[in-house]
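Student: compute the structure for the input listed below.
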Amino acid sequence: MASGSAAAGTTPTWSPPLALLVAATFFMEFLDGTILTTAIPNIASDFSVPAADVNITMTAYLLTVAVGIPLSGWLAERFGARRIFCLAIAVFTLASLACALSQDLAGLTLARIAQGAGGAMMVPVGTLVVLRGTPKSELLRATAFLVWPGLLAPVIAPLVGGALTTYLSWHWIFLINLPLGLAAFIAALRLVPGIAGDKGRRLDWPGLCFTTIGVGALVAGLELASSHPDLPWAGISAASGVAALAAAVLWMRRARHPLFNLDVFRTRTFRATATGGFVYRLTISSIPFLLPLMFQTGFGWSPLHAGIMVAAVFIGNIGIKPATTPLIRRFGFKPVLVGASLASAATFLLCALLTPETPQALVFALLVCSGAFRSIGFSAYASVQYADVIPDHLTSANVVSPTMVQLAAGAGIALAALMIRAFDGVTPARAVGPPDTGHPLAGLPFAALLDDSAAPFRLAFVAMAVLMLASTVDSLLLPNDAGAEVSRGGTPNGRRRGTSGSDQPRDTPPDQPGNTPSGVATVVPGVSQPGPEPAAGQAPHLPAAGHCRQP
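Tutor: Next up is the predicted model:
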């Protein structure tokens, strides 16, 4: 078990209890992002407001999380990751209490904003405290702990929220966080290494403003696109967000002390987070949104019936978890990513072929398989993105990655909603008609499947399957030895350790961190000192990247 502090000159070791603690806090944060959906009617009734108005509490939470993440990296470096992580847990827990005690919609919305601020710090800072003490040989195990909250929370949130709201009250959605938050706070004080922050670390105010405005406007635009597609504000907001993010990139390429180092994108395996990984997460995030709607609106199933079927995705997520690490170690990242994306695309196409008459066992089995491939892909991307990142770039990578995840999740739901609306009214019986009408859709092999109320959802699944293939193409372009130091635990093909998948040379001078001669420990202020070079076949430990000074 990790000690409460890390002594100078020592290297932290892999701590499963610490990873489990961070995963538990992630679960609270992810769960609260969506659990409120089932309680909206009850909250609206208590506050005497229209149910649609309560959506502001969810939007405010997700928006605060998204815009708060870029600042979290600087906070961890400036004040120390342990202090900020404990503060994040405390803010999240106290804000949960404020949510439960809210007397009107305005009070609940403000409390949700505070809760989102705590969540924005928990995710990237929590990841940092785990990665800081994890040798690359154990990175797959560490990310296996950190991935499951994001996989499970969206699936079980409706079930947990519905049960608490039905048998207790909506207040318990937030009150349940109090004992969990208190336990997590006490555990964090004991498990998170106490490494001092860099008091000289300056904050890049222009970069922060550009990034915050850009992420906030883009997330708001995605939310508006899914809820109010007829209004022009969605496009205006999204365009403004893209412009602000472009300005942030231009600024940070010239700034002396940028908010985060954009050179991290020179590492091919990390760049996959913003290319194929973004597409993969976008399409995967759309499925929990599309499935319940198709089952209830298209098939006429009850919410309970639909919920039971969607729970099959949860079973697939959990059932495959013990096999994800062995699969990656056996085949490597590239084949696993290609296989997971192709298999996911196939399950989307099969979902498009489902009908109310399809045997229930077959539907359940299909969704279990979909959840399994979802889990494999998520785990592989979560591990490979850090596999070749050099220590000086780890903090920047740890800020960029969760921001991209938030944007991908929002884009997935928004795109799915837009597709449903675009296909609605084009494919039902009045459009397809009988085979002799001459309608272009009438001659398709599966035209009969477009002749019911589920047709818009079927075409949305097909579109998502095609989009998923873009992720497959990106994975095929990865180097064959991408992330081999993590997946195989050795030096790939005789190349220098740490070069796999990187577009930049790593011939740093011998006196810089990360290139220390065997058996020599280089002293760098503010950085946990590495021990001797590991023996052959043993991966080196990652230094305290949260406190590495940017060059």
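Student: surely residue 401 and residue 385 touch.
Tutor: Yes. Here residue 401 lies in contact with residue 385, judged by Cβ atoms under 8 Å, at a distance of 5.9 Å. All C-beta atoms are positioned from the backbone trio N, CA, C, and that covers glycine.
Student: so what sits against both of these two?
Tutor: Common neighbours of residue 401 and residue 385 (criterion: Cβ atoms under 8 Å, 6 or more residues apart in numbering): 270, 273.
Student: near residue 360, how many other residues are there?
Tutor: The local packing of residue 360 (other Cβ atoms under 10 Å) involves 10 other residues.
Student: which one is it nearest to, not counting chain neighbours?
Tutor: Distance criterion Cβ to Cβ, 6 or more residues apart in numbering; nearest residue to residue 360, sequence neighbours excluded, is residue 309 at 7.8 Å.
Student: so what's that neighbour up against?
Tutor: Here residue 309 is in contact with 291, 295, 301, 360, 363-364, 367 (Cβ under 8 Å, 6+ apart).
Student: so for the helix or strand where it lies, mean pLDDT?
Tutor: Using DSSP states H and E, residue 309 sits within helix 303-331. Averaging pLDDT along helix 303-331 gives 83.
Student: ditto for stretch 263-282
Tutor: Taken as a whole, stretch 263-282 has a mean pLDDT of 87.
Student: helix or strand with the lowest mean pLDDT in this structure?
Tutor: Every helix and strand in the chain was compared by mean pLDDT, DSSP states H and E; the lowest is helix 429-432, with a mean of 44.
Student: and the next element down the chain from that one?
Tutor: helix 455-476.
Student: quick one: list the elements packing against the very next helix or strand once past that following helix.
Tutor: Going down the chain from helix 455-476, the next helix or strand is helix 484-487, by DSSP H and E. Counting contacts by 3 or more Cβ pairs under 8 Å, 6 or more residues apart in numbering; DSSP states H and E, helix 484-487 packs against helix 139-167, helix 333-352, helix 360-387.
Student: pLDDT (mean, whole number) over helix 484-487?
Tutor: On average, helix 484-487 scores 75.
Student: centre of the chain to that helix, how far?
Tutor: Relative to the chain's own centre, helix 484-487 is displaced by 22 Å; criterion: Cα atoms, centre = their mean, to the nearest Å.
Student: which of the helices and strands packed on helix 484-487 sits closest to residue 481?
Tutor: helix 333-352 (8.3 Å; Cβ to Cβ).
Student: now do the buried residues in the closest one.
Tutor: Neighbour counts over helix 333-352 (16 or more other Cβ atoms under 10 Å) mark 333-341, 343-348, 350-352 as buried.
Student: residue 35: neighbour count?
Tutor: Residue 35 has 26 nearby residues by other Cβ under 10 Å.
Student: ok but it is inside a helix, no?
Tutor: Yes. Applying DSSP: H, G, I helix; E, B strand; the rest coil, one finds residue 35 inside a helix.
Student: for it, give me its contacts.
Tutor: Counted by Cβ under 8 Å, 6+ apart, residue 35 has contacts 157-158, 160-161, 173.
Student: one more time with 10 Å, if that's ok
Tutor: Residues in contact with residue 35 (Cβ atoms under 10 Å, 6 or more residues apart in numbering) are 28, 58, 153-154, 156-162, 164-165, 170, 173-174, 176.
Student: buried ones from the residues you listed, can you make that a ChimeraX selection?
Tutor: Of the contacts of residue 35, the buried ones can be selected in ChimeraX as follows, counting by 16+ other Cβ under 10 Å:
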select :28,58,153,154,156,157,158,159,161,162,164,165,170,173,174,176
